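Novice: could you work out the structure for the sequence below:
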Amino acid sequence: MDLTRRLRPTHLRLFQRIAEMGQLQTAADALGMSQPAASRILAEVEKQAGAPLFFRTPKGMEPTAIGLAVVRHARVVLSELDNLEKEVRNLRAGHAGEVRIGSVTGAAVGILMPVIQQARAASPDLDTTIEVGPSTELVRGLDEGRFDFILSRLPTAQDSRDLLTHPARTEIVRLIVRDSHPLAQRDTISLAETRDFDWVMQERGSPIRDAVEHAFHLDSQPTPDRVINSSSMLVVLQLLATSDAISPQSDEVAALLTGQEFGARLIRLDIRAPMTVTPYFVVRHRSRQLSRAAQGIYEQVLRRL
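Specialist: I've put the predicted structure just below:
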């Protein structure tokens with residue numbers, strides 16, 4: 001018996017309506033179908049099934065045991081088809097789908113997250129993945145196809161001929177400490193005054209570490225020698241909460257950590273010497289077409305910048 005091969009969504013909707021309404025004519029009218037057409041469909045399916053799907057009674061039509069099974073599965077199939085139609089519609093409109101983005105920390109906090117929150121408020125079915133990491137890993141991930149686009153610096157040796165790049169922002173570095181730190185209430189602190197304390201910051205070669213060391217060099221000061229090297233934010237927060245350590249962070253991250261909403265009892269030091277990191281870019285592959293969802297996020301990022 002090849003009953004399932006011959007069933008169509010129209011047939012399933014008809015059987016569902018007959019079971020709900022108990023009348024063939026009423027069910028046909030609800031579907032915009034003529035009564036003879038509905039009768040023909042029902043007769044053909046009952047012939048394929050080898051048994052009636054409905055009893056004909058003076059009170060109307062009632063499903064047989066086989067009819068109940070057909071109607072039960074019809075509800076499941078029709079529900080899945082409706083969900084498929086909705087998903088396809090959302091994908092075409094960019095309201096659903098998967099978006100994978102890589103970003104340096106400051107850009108993720110200051111640019112990417114507000115865009116993602118706004119996009120998800122309008123499109124709750126959007127599946128977003130955000131990976132934060134160093135620029136070398138982000139560019140490698142873009143080359144390997146793991147990201148739709150990235151917010152990243154371009155490594156010096158990177159061949160950028162296959163990349164579309166849009167200038168983004170130069171990051172400002174802030175020094176944060178706990179609110180009971182000995183330097184917490186001081187104005188215009190010199191870099192020399194910070195050398196007596198522990199520092200917790202990323203390893204040498206990272207953009208923020210380079211910016212800090214460059215500022216010390218410009219100020220004719222030796223770089224801090226009491227340094228705990230870690231890129232883990234959990235390690236940073238633990239040390240800031242329990243010691244007089246100083247941690248350099250991008251301006252966006254510092255604003256988050258010292259804000260009232262976060263409630264971490266951290267503050268920014270008023271440092272006399274400015275610290276800036278080389279600019280980052282919004283980067284995508286020239287030859288890869290973005291999905292509608294990824295294209296929408298990409299355009300919103302550019303507009304925000």
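
Novice: A helix includes residue 256, no?
Specialist: Yes: under DSSP: H, G, I helix; E, B strand; the rest coil, residue 256 sits within a helix.

Novice: pretty sure it is touching residue 262, no?
Specialist: Yes: Residue 256 lies in contact with residue 262 (CB atoms under 8 Å); the separation is 6.0 Å. (Each C-beta comes from the backbone N, C-alpha and C, glycine too.)

Novice: who has more neighbours out of the two?
Specialist: The neighbour count for residue 256 versus residue 262, taken as other CB atoms under 10 Å, is higher for residue 256 (17 against 12).

Novice: give me the distance between the more buried one and residue 268.
Specialist: Going from residue 256 to residue 268 by CB to CB, to the nearest Å gives 11 Å.

Novice: for residue 2, same thing?
Specialist: 73 Å.

Novice: so which of these two has more stuff around it?
Specialist: Remark: of residue 2 and residue 268, residue 268 carries more neighbours, 16 against 7, as counted by other CB under 10 Å.

Novice: in the sheet, who's paired with that one?
Specialist: Per DSSP bridges, the residues bridged to residue 268 are residue 176.

Novice: tell me the residue furthest from the middle of this protein?
Specialist: Note on the chain: the largest C-alpha distance from the chain mean falls to residue 58, namely 58.2 Å (CA atoms, centre = their mean).

Novice: how is this structure divided into domains?
Specialist: For the chain, automatic domain parsing gives the domain ranges 3-92, 94-169+279-304, 172-277.

Novice: want to throw those domains into a markdown table with mean pLDDT?
Specialist: Shown next, in a markdown table, are those (pLDDT from 0 to 100):
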| stretch | mean pLDDT |
| --- | --- |
| domain 3-92 | 85 |
| domain 94-169+279-304 | 87 |
| domain 172-277 | 93 |
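
Novice: residues in contact with residue 169?
Specialist: For residue 169, the contacting residues are 107, 110, 111, 279, 280, 305, by CB atoms under 8 Å, 6 or more residues apart in numbering.

Novice: contacts for stretch 231-246 next, please.
Specialist: With CB under 8 Å, 6+ apart, stretch 231-246 has contacts from 134, 175-178, 181-182, 194, 197-200, 202-203, 206, 228, 230, 247, 249, 257, 264-266, 269.

Novice: how about 6 Å then?
Specialist: With contacts defined as CB atoms under 6 Å, 6 or more residues apart in numbering, stretch 231-246 is touched by 175, 177, 178, 181, 194, 197, 198, 199, 200, 202, 247, 266.

Novice: would you confirm that the last one contacts residue 176?
Specialist: The reference is to residue 266. Yes: contact criterion CB atoms under 6 Å: residue 266 and residue 176 qualify, at 5.2 Å.

Novice: which neighbours do those two share?
Specialist: With CB under 6 Å, 6+ apart, residue 266 and residue 176 have common neighbours residue 257.

Novice: SS state for the residue lying closest to residue 53 once chain neighbours are set aside?
Specialist: Using CB to CB, 6 or more residues apart in numbering and skipping the chain neighbours, the partner closest in space to residue 53 is residue 67 (3.7 Å). Following three-state DSSP, residue 67 is assigned to helix.

Novice: next, count neighbours for residue 216.
Specialist: The burial count for residue 216: 18, using other CB under 10 Å.

Novice: which helix or strand contains the nearest residue to residue 9 once chain neighbours are set aside?
Specialist: When the adjacent residues along the chain are set aside, residue 9 lies closest to residue 81, with 6.0 Å between them (CB to CB, 6+ apart). Secondary structure assignment for residue 81, by DSSP states H and E: helix 65-93.

Novice: could you dump the helix or strand following that helix to CSV, C-alpha only?
Specialist: The helix or strand immediately downstream of helix 65-93 is strand 97-103, counting by DSSP H and E. Below are the C-alpha coordinates for strand 97-103, written out as CSV (Å, rounded to 0.1, in the frame of the first residue of the first chain):
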residue,chain,number,x,y,z
GLY,A,97,19.1,31.7,10.5
GLU,A,98,22.6,31.4,11.9
VAL,A,99,25.1,34.3,12.1
ARG,A,100,28.7,33.7,13.3
ILE,A,101,30.8,36.7,14.2
GLY,A,102,34.3,37.0,15.6
SER,A,103,35.4,40.1,17.5
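
Novice: and strand 97-103, what does it pack against?
Specialist: strand 126-132, helix 292-304 (3 or more CB pairs under 6 Å, 6 or more residues apart in numbering; DSSP states H and E).

Novice: any idea of the angle that strand forms with helix 65-93?
Specialist: 40 degrees (axes from the mean of the first three to the mean of the last three CA atoms, to 10 degrees).

Novice: distance of residue 191 from residue 78?
Specialist: Residue 191 is 70 Å from residue 78, by CB to CB.

Novice: so which of those two has more stuff around it?
Specialist: Ranked by neighbour count (other CB under 10 Å), residue 191 and residue 78 place residue 191 first, with 21 against 14.
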